[in-house]
Structure formats: structure tokens, C-alpha cells
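Student: I'd like to go over a predicted model; first the sequence, then the structure.
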Amino acid sequence: MPINSFKDDEQTIEVSKLKTLRRLLSYLLTYKKEILAVLAIMAFCVFVSLLNPLIMESAVDDYISKGDVIGLFKLIGFALSLNILMVIGIKIRMYVMARVCNNILVTIRQDLYSHIQTLDFHFFDSRPTGKILARIIGDINSLKDVLSNCVTTLIPDFITICAVVIIMFIKNPVLAAASLISTPLMAICLFLIQVYSHKRWQIFRKKSSNLNAFVHEDFSGIRIIQSFTAEEETKQTFRGLVKEHRDSFISAIRLNDAFGSVIDFCWGIGTVMLYYTGIMILGTDKVSVGILIAFGTYISMFWHPIMNLSNFYTQLITNISGAERVFEIMDTEAEITDADMVTDIPSIEGKVCFEHVTFSYAGTTKVLDDVSFTVEPGETIALVGPTGAGKTTIVNLISRFYDVQQGNVYVDGFDVKTVSIESLRKQMGIMTQDNFLFSGTVKDNILYGKLDASDEEIVTAAKAVHADSFISKMEKGYDSALSERGGSLSGGQKQLLAFARTMVSMPKILILDEATSSIDTQTELLVQAGIESLLKGRTSFVVAHRLSTIQKADRIFYIDNGRIIEEGSPADLMEKRGFYYNLYMSQFHF
Ligand SMILES: Nc1ncnc2c1ncn2[C@@H]1O[C@H](COP(=O)(O)OP(=O)(O)OP(=O)(O)O)[C@@H](O)[C@H]1O
């Protein structure tokens, strides 16, 4: 997957608008009863509005012209009652549809969120978080009106148009043909406009997404920006993105305006033709004043729904690209998934074996090249080597965050591709340098390691890694609230808390990827002691640049250029005076 950033527009897959709309509308099926009720109300409203011109015709031709005042008042009373009922019906319809549509948005949002959680690192590596947010929030919001108007506009207006056309042709084909003469012109113009309009709205959504991605990235890194006084540069980038966003909107909205103008123009032609023809043939046996007045109403009853439909269509064109973007992610399949008929890995001992593993992220440059090793249960392995050598990649493959292209990774003799990912990762504890903490209490954060952990287990884990002392000093202890990413804690405290989170899960395999980098030397000694006692008999992989943290490792793998080029106990490697020895000497300046 190519890497996308806020600077690049996302590449979306072209899907037919009809297919997208059908898929969106399928969500309405869950609310059949509500939709049927709304349609029944709408049918009543259409019936009343179609009856109104006939009542008017009758009022003129049957009552006013004959001076029948009582009859006229009765007719008005009847029409008034029907119209009041129609207004009540419209209110109920609006309430029901608002509820249905909001429920559907909740469902789509939940579906999308759940699906994104199943996606693997490849997906998250390839796009900024802000662009994912844009789809979950903005794009889904844009679907509300489309859904609602599909039921309240599309169906009743379509029925109204058909009914009006039929009534007009039944009452007087000549006047009907004159009134509708401009419809073919309208159809051609609207078709041409929509082709360009859809493209422009797609561009607008991509620009919104870029802006979202930038703002998210910018505020996530605001401390860096302020410390390097780079505010002016980021302001300029922001200005550029806002301008692109605005321009793309203006370009798209300009075409939207064209829809209304075309309809107004065609409506005007139809009205002129109706009255011209009507006046020419007025007084002949089939054209009375009442019919001409009724046609005047019918023509607006024909063009009003057309205008509504065109507004709906504009809205559809504007927002369908949001639906396309939402469904595109829903259709994205994780590359790392459980195989068919997968089984859970049983409780493991912790043996890890790499067999001729070759791996690359993008399928081009080899990051690991024919790596083989076996680690026995309970062994502590330190991975050292220059930056970018492939240390993190090795530990990522053990947890199956990526799949190897060649060779195999085994845990307790099970190929990691053949067991369920959940059962595998549940038995591992992974700590990275970026120890992400969530907003919530200290306790909530530790519970992420084991959701059903008791208070006692939480405190034991925290004590084991010496996090208990600083947590107890906090105002509310384990119930103290943390801000986003643990912003209220020091770097070292964040790491100790992340340690406690990992410890509480009692993993059989522990991965510490630069996990002690923010801890001061004094704390590091304490943590080291905690880890040693707690992880006795557990397999652990420690990626470390600070060699002081790995002196008690059973074996050290020196990685360079995706290969293990030196391996042995710390003492053996020191004696060998090879790569590790040189690294050690350079760090401790002997
Ligand atoms: N998600 C990724 N997508 C593409 N390439 C990646 C990704 N992660 C790492 N790489 C590349 O793979 C190579 C190995 O990276 P890795 O993180 O395994 O190195 P490392 O030895 O852990 O480095 P460090 O000590 O600096 O953490 C690097 O060249 C890096 O640029």
C-alpha cells in the first residue's frame, strides 16, 4: 500500500453511484416498520396535495360560478380538515425519519469503527490518523440527509410527479404536452452537470481529508512545533490546505447552482407554453377557466418535486462520495487475518523459532534477510545493533503484526500463521518506546493488560515494576485521572505505568522494545529488579540501545542490515571482541 500523507490526495476506487446508494439504502431495511409508516403518511400527503387542485377546480366550476355559497363553505371545510391532517402527518414523518437516520448513522459508525479495529499495521502505516477520523466523523455525518431525503423526497416526489403527469394527460393532453415540453432539455442538462459535479465533490472530500490529517498531526506534535518555534511554517501549510479546501468547495458548489438555474429555466418555458396554449384554446369544449387554474397548480406540482429531486440529486452527488469513502474502508480487508479453520494456540511455554525468515515492508527492500534462530522458554534475548537494522521488525513478526514473505516463525512449534491471532497475542506482553496511555484513570490504563484483573493483581503488578510508589503519591492513587496520552505524567512515570499494564497480563513472551529509554538510571535499576523477579521462566526479547539494560540477558543478537551477524552471551561476545564489543566500548568509553 503506498504511503499517503496530508500532502497527497487519497486514491479512491471508482464505484457506481447507484451501487453505493443501494448499499446505503440497505441500512433502511432494518427499520421496515418505521419506513412503512412514513410511506403511508407520505402517500396520504401526496393524495391531499393532488386533491387540492381538483377541489379548486370544483370550487370555481361547480360552486362559485353557480353562486352556491353553502356548498363552497362545505368544500372549504373539507379541504381544511384534510390539510390540517397533512401538516400533522408531516411533523410525525419528520420525527420518525430523524430517529431512523440517526440510528443508522450510529450503526454505520459502529460498523466502520469495528472494522477499522480489525485492520492491521499495513493499513495504519499507509495513511494518517486524521484521514481515518475524517471518514468516521465527517463522511458519515454527510450521509444523514441523503438517507432521510431518500424516503421523504425521492419516493413521494417521484410518485407525485408520475401522478401529476397522468392526471394532466387524462384531463387535457394538449395542455399537458405544452406544460411538459421542456423536460427533455432539462434531463440532458442535468445529466451533463452531474458528471462534472460528482468529480468535483470527490476532490472536495479529499481536500477535507488532507486538512483533517494535517490538523490532527499538527496538534499531536504541538510540543515539538512550539519548541522548534515552527509555528509560522505550520501556519503557512495550514493556510495552503485551507485555500485548497475552499477552492475545491467553490468549484463544486458552482456546478450545484447550475442545477437550480436549469430547472427554473425549464419551469419558465413550461409555464409560458401552458398559458399560451391554454389561452389559445380557452372556451373550447374541454378547456374551462377551472381547468386552466388547475393546470396552473399542476404545473407547479410537477416542477416543485422536480426541484426537490434536483436538490436531492445535488445532495446525493455532494455526499455520495462520503459514502464511497466509508464503504471503501469497510471493504478493505486486513492482510493479516486468521487462516480458515484456525485453532487457538494452547497455553504456551514460550519457545520462539525463526526459520530462514526474509521480510520486507513494501515488498521491495529486504528488511530481514534469511534470519534463523531458536529461543528456549525462559531465555532473555537482547537485540542490539545500529538504527534501522531490523530489531523492531523481528519482534513485530513474533506477534504477527506482519507476515513474513519467506520462511516461518514458530511459537512453541506452532507456525504463527496457523493459530488465531488473538490467542497468540493474549500470551504476549509488548512494550514499545511510545507507551501510549489512554485518557481515564491509572487503574483503567493498567486494566488494558488484563480486563478482569482484580485490584490486588493491579497493585501487585504496579509494585513489581516500582510504579506503585509514584501512583500512591497521586491525589487519588489508582483512581487518579490521566489526560490524553498520559500528558500529566513524566516520561519515566508513563513507562512505569506501561510496565504495570504489561505485567498484569502475565505474558509468556515479553517484548520490550526500547522500553526503558525514558527511565533514569536509578529507576531503571529498580525496574530491572522487578522485571527479573516477575518474569522468571518467561521468554523475553529486549531491544535496547542502552547496553546497561541488557547485561543480564542470556544471549545477545547483534543485528545489522537485516541479519544476525553475531550471537552469544554478553561475556562471550565481550571476549570475542567483535561488533558487540566495539559497541560496548564506544558506549562506555573504556
Ligand atoms: N512500517 C514500516 N514501513 C516501511 N518500512 C519500515 C517500517 N518500519 C520500519 N521500516 C524500515 O525497516 C527497517 C528496519 O526498521 P526497524 O524498526 O526494524 O529497525 P530497528 O533496528 O528497530 O531500528 P531502531 O534501533 O532505530 O529502532 C528500517 O530501514 C525502516 O526504515
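Tutor: Yes, it's here.
Student: in contact with N396, which residues?
Tutor: Shown in contact with N396 (C-beta atoms under 8 Å, 6 or more residues apart in numbering): 121, 402. The C-beta positions use only the backbone N, C-alpha and C, and glycine is treated the same way.
Student: assumed it was part of a helix.
Tutor: Yes: under DSSP: H, G, I helix; E, B strand; the rest coil, N396 falls within a helix.
Student: where does the stretch 1-150 of the chain dip in pLDDT?
Tutor: 1-15 (pLDDT under 70).
Student: OK, now which residue of it is nearest to the ligand?
Tutor: D125 (4.3 Å; C-beta to the nearest ligand atom).
Student: closest to the centroid, which residue in the protein?
Tutor: The structure's the chain has its C-alpha centroid closest to I136; by C-alpha atoms, centre = their mean the separation is 3.2 Å.
Student: just checking, it touches L112?
Tutor: Yes: between I136 and L112 a contact is recorded at 5.9 Å, counting by C-beta atoms under 8 Å.
Student: what residues does this protein have near the ligand?
Tutor: 125, 361, 367, 385, 387-393 (C-beta under 6 Å from any ligand atom).
Student: I'd like to know which of these are buried.
Tutor: 361, 367, 385, 389-393 (16 or more other C-beta atoms under 10 Å).
Student: in strands only, show me those residues.
Tutor: Among these, the subset assigned to strands under DSSP state E is empty.
Student: lowest-confidence one in these?
Tutor: pLDDT across those is lowest for Y361, at 86.
Student: which residues does the closest residue to it other than its chain neighbours contact?
Tutor: Distances taken as C-beta to C-beta, 6 or more residues apart in numbering place V367 nearest to Y361, at 6.2 Å, with adjacent residues excluded. The neighbours of V367, taking C-beta under 8 Å, 6+ apart as the test, are 359-361, 390, 393, 562.
Student: ok, now G568?
Tutor: 555-556, 576 are the contacts of G568 under C-beta under 8 Å, 6+ apart.
Student: again, only using 10 Å
Tutor: Residues counted as contacts of G568 (C-beta atoms under 10 Å, 6 or more residues apart in numbering) are 554-558, 574-576, 578, 580.
Student: got the phi/psi numbers for it?
Tutor: As for G568, its main-chain torsions (degrees, to the nearest 10) stand at phi 160, psi 180.
Student: that one bridge partners, please.
Tutor: I556 (DSSP bridges).
Student: quick check: pLDDT value at it.
Tutor: Looking at G568, its pLDDT is 91.
Student: rewinding a little: for V404, see how far away the residue nearest to Y361 is.
Tutor: Look at V367 and V404: by C-beta to C-beta, to the nearest Å, they are 11 Å apart.
Student: next one: S540
Tutor: Distance from S540 to V404, by C-beta to C-beta: 21 Å.
Student: same thing with D369?
Tutor: With C-beta to C-beta as the criterion, D369 and V404 are 12 Å apart.
Student: which neighbours do those two have in common?
Tutor: Joint contacts of D369 and V404 (C-beta under 10 Å, 6+ apart) are 356-360.
Student: which one of those is nearest the ligand?
Tutor: Distances from the ligand to the shared contacts of D369 and V404, taken by C-beta to the nearest ligand atom, are shortest for S360, at 8.2 Å.
Student: what is the burial count for that closest one?
Tutor: 17 (other C-beta atoms under 10 Å).
Student: equivalent analysis for L447, please.
Tutor: L447 has 17 neighbours, counted by other C-beta under 10 Å.
Student: surely it meets G440?
Tutor: Yes: applying C-beta atoms under 10 Å, one finds L447 in contact with G440, separated by 8.9 Å.
Student: so what sits against both of those two?
Tutor: With C-beta under 10 Å, 6+ apart, L447 and G440 have no common neighbours.
Student: circling back to that earlier point, in TSV, list the buried ones among the residues of the chain next to the ligand along with distance to S182.
Tutor: Output for these, formatted as TSV (distance: C-beta to C-beta, whole Å):
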residue	distance to S182
Y361	59
V367	65
G385	76
A389	73
G390	70
K391	72
T392	67
T393	66
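Student: and the strands in the chain?
Tutor: For the chain, the strands defined by DSSP E cover 352-359, 368-375, 380-384, 406-411, 414-415, 428-431, 440-441, 481-482, 509-513, 539-543, 555-560, 563-568.
Student: what is the third one packed up against?
Tutor: Under the contact definition 3 or more C-beta pairs under 10 Å, 6 or more residues apart in numbering; DSSP states H and E, strand 380-384 sits against helix 391-398, strand 509-513, strand 539-543, strand 555-560, strand 563-568, helix 579-588.
Student: try it again with 8 Å
Tutor: In this structure, strand 380-384 packs against helix 391-398, strand 539-543, strand 555-560, with contacts taken as 3 or more C-beta pairs under 8 Å, 6 or more residues apart in numbering; DSSP states H and E.
Student: pull up the gap between the nearest residue to T237 once chain neighbours are set aside and K207, please.
Tutor: Nearest non-adjacent residue to T237, counting by C-beta to C-beta, 6+ apart: F214, 6.5 Å away. Per C-beta to C-beta, F214 is found 11 Å from K207.
Student: and for those two, which residues touch both?
Tutor: Residues touching both F214 and K207 by C-beta under 8 Å, 6+ apart: L241.
Student: on that earlier part again, farthest pair in the residues of the chain next to the ligand?
Tutor: D125 and G385 (22.1 Å; C-beta to C-beta).
Student: buried residues in stretch 45-65?
Tutor: Neighbour counts using 16+ other C-beta under 10 Å place 45-46, 48-53, 55-61, 63 of stretch 45-65 among the buried residues.
Student: need the CA coordinates for that stretch. PDB is fine.
Tutor: This file holds the C-alpha atoms of stretch 45-65, laid out as PDB (Å, rounded to 0.1, in the frame of the first residue of the first chain):
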ATOM      1  CA  CYS A  45     -49.900  13.800   2.000                       C
ATOM      2  CA  VAL A  46     -49.400  13.200  -1.800                       C
ATOM      3  CA  PHE A  47     -53.100  12.300  -2.000                       C
ATOM      4  CA  VAL A  48     -54.200  15.500  -0.300                       C
ATOM      5  CA  SER A  49     -51.900  17.700  -2.400                       C
ATOM      6  CA  LEU A  50     -53.100  16.100  -5.600                       C
ATOM      7  CA  LEU A  51     -56.700  16.600  -4.500                       C
ATOM      8  CA  ASN A  52     -56.200  20.300  -3.700                       C
ATOM      9  CA  PRO A  53     -56.300  21.400  -7.400                       C
ATOM     10  CA  LEU A  54     -59.300  19.300  -8.100                       C
ATOM     11  CA  ILE A  55     -61.100  20.900  -5.100                       C
ATOM     12  CA  MET A  56     -60.100  24.300  -6.500                       C
ATOM     13  CA  GLU A  57     -61.400  23.400 -10.000                       C
ATOM     14  CA  SER A  58     -64.700  22.200  -8.400                       C
ATOM     15  CA  ALA A  59     -64.900  25.300  -6.300                       C
ATOM     16  CA  VAL A  60     -64.700  27.500  -9.400                       C
ATOM     17  CA  ASP A  61     -66.700  25.500 -11.900                       C
ATOM     18  CA  ASP A  62     -69.300  23.900  -9.500                       C
ATOM     19  CA  TYR A  63     -69.900  26.400  -6.700                       C
ATOM     20  CA  ILE A  64     -68.500  29.900  -7.400                       C
ATOM     21  CA  SER A  65     -69.900  30.100 -11.000                       C
END
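Student: great, nothing more from me.
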